[in-house]
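> Quick one: sequence and predicted model below, then my questions.
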Amino acid sequence: MPRLFTAIEIPPDVGLALSFLRGGLTGARWIDPENYHVTLRFVGDVDDATGRDIMDMLGAVRRPAFDLMLQGLDQFGGRKPRSVFAAVKVNAAIMELQAEQERIMQRLGLVAEGRNFRPHVTLARLRDASSRQVADYLALRGPYRSTVFHVPRFVLFSSRDSVGGGPYLVEAVYPLG
């Protein structure tokens, strides 16, 4: 089975607005707008039986739909920036949804996620971008805010092992509400 992860899709209008932030960073590999998403839980490469178990267990998630917005741009990597992202304005609904998915994955025997959950939309992966270039980029575009958007579902995506940014395939859809 391919590499799996759960995510929230970004609506086309928000994706279009994010796409206007592209450019101005040497060495950036910009993510295509149709591949923007908020990863909830990275699963990784699993066998077909585990993949089916994940699909079944995620089907038992019962959470209300909720609203989100993106607020601010930032980077991961510190002095050696590796990506630029739009941060999600955190609310209880997204944190609880992610925590439930983490519990499901651990019940299925998957290793716990090693990092704290920091919801975001990756805009670019960086290679050879200086911390100064990234700081200048963020100074110009950092105050970005999206419109509030509704989250009626989450999805299970698969991806091929590639150099980031997709393409992603929706394997299953899980309605909220």
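Yep, it's here.
> Where does the prediction get shaky in the chain?
The chain contains residues with pLDDT under 70 at 1, 161-166.
> Break down it into its strands, ranges please.
Listed in chain order, the strands of the chain (DSSP state E) span 3-9, 28-30, 37-45, 66-68, 70-76, 83-88, 120-126, 149-151, 153-159, 168-175.
> just so I know, which of those strands lies nearest Ala112?
strand 37-45 (10.4 Å; CB to CB). C-beta here means a position set from N, CA and C on the backbone, and glycine is covered the same way.
> list the helices and strands that closest one packs on?
strand 3-9, helix 92-107, strand 120-126 (3 or more CB pairs under 8 Å, 6 or more residues apart in numbering; DSSP states H and E).
> Export only the CA atoms of the longest one, formatted as PDB.
Translated: helix 92-107. Only the C-alpha atoms of helix 92-107 are listed here, as PDB (Å, rounded to 0.1, in the frame of the first residue of the first chain):
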ATOM      1  CA  ALA A  92     -10.200  22.900  20.100                       C
ATOM      2  CA  ALA A  93     -12.000  21.100  17.200                       C
ATOM      3  CA  ILE A  94      -8.800  20.500  15.100                       C
ATOM      4  CA  MET A  95      -6.800  19.500  18.100                       C
ATOM      5  CA  GLU A  96      -9.400  17.000  19.300                       C
ATOM      6  CA  LEU A  97      -9.800  15.500  15.800                       C
ATOM      7  CA  GLN A  98      -6.000  15.100  15.500                       C
ATOM      8  CA  ALA A  99      -5.800  13.600  19.000                       C
ATOM      9  CA  GLU A 100      -8.500  11.000  18.300                       C
ATOM     10  CA  GLN A 101      -6.700  10.000  15.100                       C
ATOM     11  CA  GLU A 102      -3.400   9.600  17.000                       C
ATOM     12  CA  ARG A 103      -5.100   7.300  19.500                       C
ATOM     13  CA  ILE A 104      -6.600   5.200  16.700                       C
ATOM     14  CA  MET A 105      -3.100   4.800  15.100                       C
ATOM     15  CA  GLN A 106      -1.600   3.800  18.400                       C
ATOM     16  CA  ARG A 107      -4.400   1.200  19.000                       C
END
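> Buried ones in that helix, by neighbour count?
Under the neighbour-count criterion of 16 or more other CB atoms under 10 Å, helix 92-107 has 93-94, 97-98, 100-102, 104-105 buried.
> Name the nearest of those residues relative to Pro175.
Leu97 (12.5 Å).
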